[in-house]
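*Asks:* sequence first, predicted coordinates after that:
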Amino acid sequence: MAELTAARYGKDKVRIFRVVRSVKGDPQAWHDVVEYNVKALLEGDIAASYTKADNSVVVATDSIKNTCNVFAKTSPHVLHPEQFALDLGVHFVTTYAHIHKAFIDIEQLKWSRITVSKDGQPHRHSFVRDGDEKRLTSVEVDATKGKNAITAKVTSGLSGLLVLKSGGSAFEGFVRDEWTTLVEVDDRIFSTEVDLSYTFALPVEALTAAGIAALQDKVGFDKASESAKQITLDLFATDESASVQATLFKMCSEIIAASPSVESVSYRLPNKHYIPVDLGFKGLANLKPVDAEVFCPVAAPSGLITATVSRKH
Ligand SMILES: O=c1[nH]c(=O)c2[nH]c(=O)[nH]c2[nH]1
């Protein structure tokens, strides 16, 4: 005997690019743009589609993709990934009586406005991909307690932010035993590709159109995103790092202090090793921290330092 114990389905990698023009039909209009990869998955009374080949409970993944595109045209929140995801998620659980949960994940690709050097002005409709990092949000919309008692969980963050510091990082005092070959250093290269996520404590808010609109002011999704990235960069640059672990904890603590609506913060930080190259065969000193100038970046293995830090109540 076998039974279905979990089922969730939908569309992944829905690619959306949206232009918002300040004035329709005006070539001088100011444009805002976003590019998203959307994943929209549904849960509910859908077991029969798996166990009985009964498609009458299936909202086709093609229709789910169509919904994402239509919302990209019509949602007032399309430039704000958390609210756009809430809009979409609430739509799915309220439109279909048998769909009780929606999981909307959005990756936002980076398009930054170009500043034209001639006049120092930000250009009204030209953008540059000035980094590989992505802004992320994962929204779970839950109507299991009824369509009039919808709740949501929002986790946001960023990934792919590659940083390196060539000073201000040490690693000393770790366990030394018969397994240890690593030398202690008071100066080393520290490089990581930041993967950051943080959860929001949402106010109890009816997730109506007006309720979702009010969340930007009440929770500050966009402000939290900007602040978390800036804190990550500032602390990475300025901390006299005793270890990846110690720097990570400071970053988490500062994000919690800066954003009242953030409940917990998690980082995954690979420690991308840079090994000083032995140039002794040419009589060149390059191994001690004070001499090390030529390094071999090592793709693998990397350390992987993770932690979650939560607000203390
Ligand atoms: O910051 C670090 N933390 C570690 O846990 C570790 N382990 C290691 O080999 N190098 C480092 N660096």
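*Replies:* Cool, got the structure. Residues are numbered from 1 along each chain as shown.
*Asks:* tell me how far the helix ranked longest in the chain is from the chain's mean position?
*Replies:* Ordering each helix of the chain by length in residues (DSSP state H) puts helix 221-238 first. Here helix 221-238 is found 12 Å from its chain centre; the criterion is Cα atoms, centre = their mean, to the nearest Å.
*Asks:* elements contacting whichever helix or strand comes after that helix?
*Replies:* Past helix 221-238, further along toward the C-terminus, the next helix or strand under DSSP states H and E is helix 244-258. Helices and strands touching helix 244-258, as assessed by 3 or more Cβ pairs under 8 Å, 6 or more residues apart in numbering; DSSP states H and E, comprise strand 190-200, helix 221-238, strand 262-271, strand 303-310. Bear in mind the C-beta positions are built from the backbone N, C-alpha and C, glycine included.
*Asks:* what does helix 244-258 rub up against?
*Replies:* When contacts are defined by Cβ atoms under 8 Å, 6 or more residues apart in numbering, helix 244-258 is touched by residues 190, 192, 198, 227-228, 231-232, 235-236, 239, 241, 262, 264-267, 269, 271, 303, 305, 307-311.
*Asks:* before we move on, the earlier item: contacts for the longest helix of the chain next, please.
*Replies:* Taking Cβ under 8 Å, 6+ apart as the rule, helix 221-238 contacts 80-83, 135, 137, 154, 156-158, 161, 163, 165, 168, 190, 192, 194, 196, 198, 200, 215-216, 247, 250-251, 254-255, 258-259, 261-262, 265.
*Asks:* emit the ChimeraX select command for whichever of those are buried.
*Replies:* Selecting just the buried residues from the contacts of helix 221-238 in ChimeraX takes one command, with 16 or more other Cβ atoms under 10 Å as the test:
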select :80,81,82,83,135,137,154,156,157,158,161,163,165,190,192,194,196,198,200,215,247,250,251,254,255,259,261,262,265
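*Asks:* what is the burial count for Asp105?
*Replies:* Around Asp105 sit 20 other residues, with neighbours defined as other Cβ atoms under 10 Å.
*Asks:* correction: the previous question concerned Lys312.
*Replies:* 5.
*Asks:* what helix or strand is it located in?
*Replies:* Element membership for Lys312 (DSSP H and E) is empty, with no helix or strand holding it.
*Asks:* quick one: pLDDT of it?
*Replies:* At Lys312 the predicted local distance difference test score is 96.
*Asks:* residue contacts, the closest residue to Ser264 other than its chain neighbours?
*Replies:* Counting by Cβ to Cβ, 6 or more residues apart in numbering, Ser264 lies nearest to Ser310, which is 4.0 Å off, once chain neighbours are set aside. Listed by Cβ under 8 Å, 6+ apart, the contact set of Ser310 reads Ile256, Glu263, Ser264, Val265.
*Asks:* give me the residues contacting stretch 62-72.
*Replies:* With Cβ under 8 Å, 6+ apart as the criterion, stretch 62-72 contacts 10-11, 14, 16, 18, 36, 38, 40, 42, 78, 84, 87-88, 91-92.
*Asks:* same thing but 7 Å
*Replies:* Under the criterion Cβ atoms under 7 Å, 6 or more residues apart in numbering, residues Gly10, Lys11, Val14, Ile16, Arg18, Val38, Ala40, Val78, Asp87, Leu88, His91 lie in contact with stretch 62-72.
*Asks:* pLDDT score assigned to the residue nearest to Asp291 when sequence neighbours are not counted?
*Replies:* If the residues on either side of it in the chain are set aside, Asp291 comes closest to Ala285, at 4.1 Å by Cβ to Cβ, 6+ apart. Turning to Ala285, the model gives it a pLDDT of 98.
*Asks:* next: the one 4 residues further on.
*Replies:* The predicted structure scores Pro289 at 95 on the pLDDT scale.
*Asks:* look up how far Phe295 lies from it.
*Replies:* When distance is defined by Cβ to Cβ, to the nearest Å, Pro289 is 11 Å away from Phe295.
*Asks:* could you do Ala307 as well?
*Replies:* 27 Å.
*Asks:* what's the answer for Glu193, then?
*Replies:* Using Cβ to Cβ, one obtains 17 Å as the distance from Glu193 to Phe295.
*Asks:* deepest of the helices and strands packed on helix 244-258, which one?
*Replies:* Ranked by mean neighbour count, the helices and strands packed on helix 244-258 are led by strand 190-200 with a mean of 22 (mean count of other Cβ atoms under 10 Å).
*Asks:* can you give me the buried ones in the helix or strand that that strand is followed by?
*Replies:* Tracing the chain past strand 190-200, the next element assigned as helix or strand by DSSP H and E is helix 209-219. The neighbour-count check on helix 209-219 (16+ other Cβ under 10 Å) flags Gly211, Ile212, Leu215, Val219 as buried.
*Asks:* which stretches of this protein aren't confidently modelled?
*Replies:* Within the chain, no range satisfies pLDDT under 70.
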